[in-house]
Structure formats: C-alpha cells, structure tokens
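1. sequence and predicted structure, then a few things I'm wondering about:
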Amino acid sequence: MKRASIICASLLWGLSAVASGDGSTAYNFLNISTSSHIYGLGGVNISLIDDDINVTDQNPALLGPEVEKQLGISYMRYIGESNFAGVKYGMAAGERSAWAVSVQYFDYGKMTSADVSGNITGTFSVKDICFGGTYSHDITDRLRGGISIKGIYSAYDEYSAFAVASDLGLNYFDPEKDLSLSFVVANLGGQVKRFNESYDRLPVDLRLGLTKMLANVPLRLSVTAWNLTRWNLPYYEVGDGSAGTEEKKKDSFGSNLMRHLVFAAEFVPSDKFYVGVGYNYKTRTDMSTYSRSFLSGFSLSAGLNVRRFGLGVAFAQPHSGATTLMFSITTRLAEF
C-alpha cells in the first residue's frame with residue numbers, strides 16, 4: 001500500500017502543477033510516440049493493452065510484470081530529413097511491479113546557418129535526446145499506477161539545454177469485459193539549463209483514454225482525449241491558398257471538441273496479428289493549407305508476432321509533401 005500511496009500522491013501533485021501552467025510550450029517532440037502501433041492509431045493512445053513494451057511511452061501504467069526481459073526497438077522516417085529512434089527494456093519487479101529504461105533520439109537533419117546580415121555560413125545539426133526510467137505497481141487486481149522520469153538533452157548548433165520531465169498514469173483493466181480506462185498527466189517538469197535568457201515550458205497535458213474490444217467481433221475501438229489543459233484550440237482555414245484568400249479562424253464548439261479527440265479502430269483476429277486505422281482531427285486541421293493531403297489526419301498500422309519477435313509498421317501522410325513511416329520490433333531476451 002505504501003507504493004500505491006506514493007503513486008496517488010504523485011498524481012495529485014501533477015494535477016496541481018497542471019492547473020498552475022499556461023499554454024506556451026516547447027519540447028513538443030515529447031508528444032511523438034515511439035511505438036508504431038500507437039503512431040498508426042492516431043499518434044495518441046493511453047489505454048491500449050498490448051504485449052508490446054513500446055506502447056508504455058504513452059502511459060507508464062501500461063507497464064507490468066508481463067514485459068519480463070522484453071526489448072523494444074523503433075525507428076521512424078519523419079517529415080523532411082528527420083529520423084527518430086528509440087530503445088526500451090523492461091523487467092518484472094516481483095509479481096505486482098515492473099520497471100523499464102529507455103532512450104529516444106530525435107535527429108532533424110542538417111539546417112542552413114547564416115549570420116545577422118543573412119550571409120550563409122554553413123550548416124548545423126539539430127537533435128534531442130530523451131532518456132528515462134519507468135516504474136509501475138498493481139494497486140489492485142484491476143488498477144495499476146505508474147511513474148516515468150525523463151531527462152531531456154537538446155543540442156541546436158552551439159546552443160544546448162537540459163530539462164527534466166515526468167509522466168504519471170493510472171490504468172483500469174477489466175479482462176472479463178476487455179475494457180481499459182486510463183488517465184495520464186504527461187510531461188510535468190521544467191528546464192534545468194536554458195538555451196539562452198528565455199525559459200521554455202514543457203507541453204504539460206491531461207489525457208483520458210478508453211479502449212474496448214467488441215463482444216462478438218474481433219474489433220477493438222479506442223477514444224483518447226488530450227490537450228485537456230485548455231478547451232479552446234482554434235485553427236485557421238486558408239481555403240485553396242490562392243492569392244487574396246483570407247484566413248478564417250475556426251473556433252466553434254464542434255471544432256474544439258474534435259481537436260481534443262483521437263479515434264482508432266483495429267481488426268484483431270488473434271494475438272498474432274492486428275491491422276488498425278486512426279484519425280486525429282487536430283493533425284488534419286493543423287495542416288489546413290491548400291497542399292494538405294486527403295490522408296492528412298489518418299494513419300495506418302499493422303503488426304505480426306512471428307516466433308520470438310513482434311513486428312510492427314505504421315504509415316501516415318500529414319502533408320502532401322510529407323510521408324512518414326515507422327517500424328518497431330520487440331523480443332524477449334530470455335527466450336534466446
């Protein structure tokens with residue numbers, strides 16, 4: 001009960017910290033999942049129960065003793081020349097607890113540098129590295145809590161910064177109904193070392209999630225609510241982008257509601273295979289330009305368990321000029 005009390009106290013502290021924050025943030029790469037399964041289901045999902053250690057980056061309470069000696073590796077070819085990769089390893093800590101360690105690498109490629117007069121001086125690299133540890137504990141047979149602590153190092157040309165963040169999560173899972181409910185406070189923390197004079201806030205967020213397997217059909221549905229620290233999430237529609245087109249601010253009740261929600265559906269005929277689709281309305285409206293892709297906001301994922309390995313792939317095209325692919329693999333080292 002002492003461990004459960006620590007987790008609950010951490011959640012209460014997290015809620016108070018969220019209430020005192022504002023909407024100005026940096027470090028938004030922390031919201032990019034390192035799981036191909038999650039990325040293909042809209043990019044945000046905190047309630048998916050899966051035998052894949054990579055999904056625990058969304059909710060530390062999804063980690064459990066069942067990940068004993070599991071290694072997860074992921075790679076994403078992102079927008080432009082960006083390349084993201086992650087490694088995670090988990091272990092059981094008794095019958096009711098587990099821990100994991102992880103490293104995530106975000107490389108945005110080479111960028112052109114210039115002096116104050118606009119003269120090109122060469123190129124520079126931009127990268128972020130996030131390393132951390134996660135601990136979870138079964139509070140009851142159906143309720144689990146988890147905490148992740150992350151160190152974040154950023155290097156942009158000659159400038160660097162360091163920040164510390166934490167994620168706090170709860171998950172309730174009813175195996176009889178195949179129902180999962182989750183609550184997460186994400187990215188609590190702040191900068192320890194700044195780039196310069198200004199202080200950059202982390203993208204602190206409250207999230208709620210529900211995942212349910214239908215009774216007589218191998219179909220699993222998920223709904224995730226995020227960005228719950230503020231209701232208004234307006235965006236601008238620019239029509240076809242032709243000359244003279246005026247931007248129109250979209251700030252209705254319906255658009256705000258939809259920009260808080262991510263929907264996903266999966267066909268899961270067995271524990272060896274799945275194929276899923278996700279829809280993220282915020283991603284689609286963030287790309288509200290004349291060159292937005294028809295597929296913007298949609299994403300696809302598929303996974304297969306073969307022998308000792310779990311393989312996953314995801315595809316999305318948030319913009320007509322940006323196709324993203326993500327791959328992941330998991331294996332249990334104890335089986336070799």
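-> Perfect, thanks for sending it.
2. how about the secondary structure of Tyr135?
-> Look at Tyr135: counting by DSSP: H, G, I helix; E, B strand; the rest coil, its state is strand.
3. in the sheet, which residues pair with it? Tell me.
-> Beta-bridge partners for Tyr135, by DSSP bridges, are Trp99, Ile147.
4. show me the contacts for it.
-> 60, 63, 93, 97-99, 146-147 (C-beta atoms under 8 Å, 6 or more residues apart in numbering). (Glycine included, C-beta is placed from N, CA and C.)
5. could you write me a PyMOL select line covering just the buried ones among those?
-> To isolate the buried members of these in PyMOL, using 16 or more other C-beta atoms under 10 Å:
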select buried, resi 60+63+97+98+99+146+147
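6. what sits against the spatially most central residue of the chain?
-> A centroid search over the chain (C-alpha atoms, centre = their mean) returns Ser33, at 3.3 Å, as the residue closest to the centre. With C-beta under 8 Å, 6+ apart as the criterion, the residues that contact Ser33 are 39, 43-44, 57-58.
7. now swap in Met287 and tell me
-> Going by C-beta under 8 Å, 6+ apart, Met287 touches 293, 296-297, 318-319.
8. list just the nearest of those to Asn280.
-> Within the contacts of Met287, the smallest distance to Asn280 is 5.3 Å, found for Gly297 (C-beta to C-beta).
9. just give the nearest non-adjacent residue to that closest one, would you?
-> Arg284 (2.9 Å; C-beta to C-beta, 6 or more residues apart in numbering).
10. for the one you found, give its distance to Val262.
-> Arg284 sits 11 Å away from Val262, going by C-beta to C-beta, to the nearest Å.
11. more crowded one of the two?
-> With other C-beta atoms under 10 Å as the criterion, Arg284 and Val262 differ in neighbour count, and Val262 comes out ahead with 28 against 20.
12. the more buried one contacts Ile46, doesn't it?
-> No: when contacts are counted by C-beta atoms under 8 Å, Val262 is not listed as touching Ile46 (9.8 Å).
13. tell me the pLDDT at the residue lying closest to Asp115 once chain neighbours are set aside?
-> With C-beta to C-beta, 6+ apart as the criterion, Asp115 has its nearest non-adjacent residue at 5.6 Å, and that residue is Thr121. Turning to Thr121, the model gives it a pLDDT of 77.
14. can you check Ser102 too?
-> 96.
15. now Gly72
-> According to the predicted model, the pLDDT of Gly72 comes to 96.
16. go on, the one 3 residues further on?
-> Per-residue confidence (pLDDT) for Tyr75: 95.
17. doesn't Val87 make contact with it?
-> No: counting by C-beta under 8 Å, no contact exists between Tyr75 and Val87, whose distance comes to 10.0 Å.
18. tell me the bridge partners for Leu143.
-> The residues listed as beta-bridge partners of Leu143 by DSSP bridges are Tyr172.
19. many thanks, have a good one.
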